[in-house]
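# Quick check, what structure comes out for this input:
(one chain, ligands or ions: 1)
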Amino acid sequence: MATKLKAPPSDTKEIVDVPWPYRDTVERLSPGGRYIDAQTDVDSPWVPFGESAAIKHLSFDVRTNTYSNILWMKGPGTIGTHLHRGTVTMVTLEGSVRYLEYDWVGTPGGLILETPGEAHTLVTEHPDGCKLFGQMNGPIEFYDAQGTYMDTVDVWWFIEHYENHCKENGIAINQKLYL
Ligand SMILES: [Fe+2]
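From the prediction side, this is the model:
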């Protein structure tokens, strides 16, 4: 039986001029797609996050309170208990990661999905720690070991974390990171 799906892979390498009546409006108003390098510090530096971790900020969208970055834990360690008010889409790039609350271990290439209302504690026991790419939305509330509210991080917190580091180290702010 023939498939109903009609989007086949292409065997050509040509730019096709798609008929698209809103092109001018899109060009006027869309922030546009872009590529942000994550293999080097050219687009974004590693910003220290505590004693043994760092964050490479990749994008900030203040309209939707959405931000993406790579969290690098340089050895075994913990990110304290936090409660998500939005969603997280995360991929383990290197090392491994788990949560005290769940029974799985995230390894390179695996997809981690977190949904609003989840509270959990991130741990890496890998000798080299882990690198995690995350696209996060909404506020994240942090709690101490007694369950007392500590602080909230959101797109504004991540922007200040990036910009303060740049200002203190004479690094140019990269406008490409801002959607
Ligand atoms: Fe989380």
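
# So for the lengthiest helix in the chain, what gets flagged as buried?
Scanning the chain for the helix with the most residues, using DSSP state H, yields helix 155-169. By 16 or more other C-beta atoms under 10 Å, the buried positions in helix 155-169 come out as Val155, Phe158, Ile159, His161, Tyr162, Glu163, His165, Cys166. (Glycine included, C-beta is placed from N, CA and C.)

# quick one: which of those is nearest Asn65?
Closest to Asn65 out of these is Val155 (4.8 Å), distances taken as C-beta to C-beta.

# Helices along this structure, start to end?
23-29, 155-169.

# residues contacting Ile159?
Phe60, Val62, Tyr67 (C-beta atoms under 8 Å, 6 or more residues apart in numbering).

# What number of residues are in the vicinity of the first one?
I take that to be Phe60. Here the number of neighbours of Phe60 (other C-beta atoms under 10 Å) works out to 19.

# Contact partners for Ile70?
Going by C-beta under 8 Å, 6+ apart, the list of residues near Ile70 reads Ala38, Ile55, Lys56, Leu58, Leu93, Lys131, Leu132, Phe133, Gly134.

# Check what pLDDT it gets.
Ile70 carries a pLDDT value of 98.

# What separation do you get for the residue nearest to it when sequence neighbours are not counted and Met73?
In space, and not counting its chain neighbours, Ile70 is closest to Lys56: 4.4 Å by C-beta to C-beta, 6 or more residues apart in numbering. Distance, Lys56 to Met73, by C-beta to C-beta, to the nearest Å: 13 Å.

# same deal with Met90?
Met90 is 13 Å from Met73, by C-beta to C-beta.

# ok, back up a step: narrow the contacts of Ile159 to those in strands?
Applying DSSP state E to the contacts of Ile159, the entries found in strands are Phe60, Tyr67.

# With pLDDT as extra columns, can I get the contacts of Ile159 in TSV?
Output for the contacts of Ile159, formatted as TSV (pLDDT from 0 to 100):
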residue	pLDDT
Phe60	98
Val62	97
Tyr67	98
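
# hmm, back to that, now the common contact residues for Met90 and Met73.
Leu132.

# So which of the two has more stuff around it?
Met73 (25 against 20).

# Local confidence estimate at that one?
Value for Met73, per-residue pLDDT: 98.

# Then Met1?
Reading off the model, Met1 has pLDDT 63.

# Lys74 is in contact with Phe49, correct?
No - if you go by C-beta atoms under 8 Å, Phe49 and Lys74 don't touch, sitting 10.2 Å apart.

# shared neighbours of those two, anything?
By C-beta under 8 Å, 6+ apart, no residue touches both Phe49 and Lys74.

# Check which residues of stretch 136-153 are buried.
Quick answer for stretch 136-153 (16+ other C-beta under 10 Å): Met136, Asn137, Gly138, Pro139, Ile140, Glu141, Tyr143, Val153.
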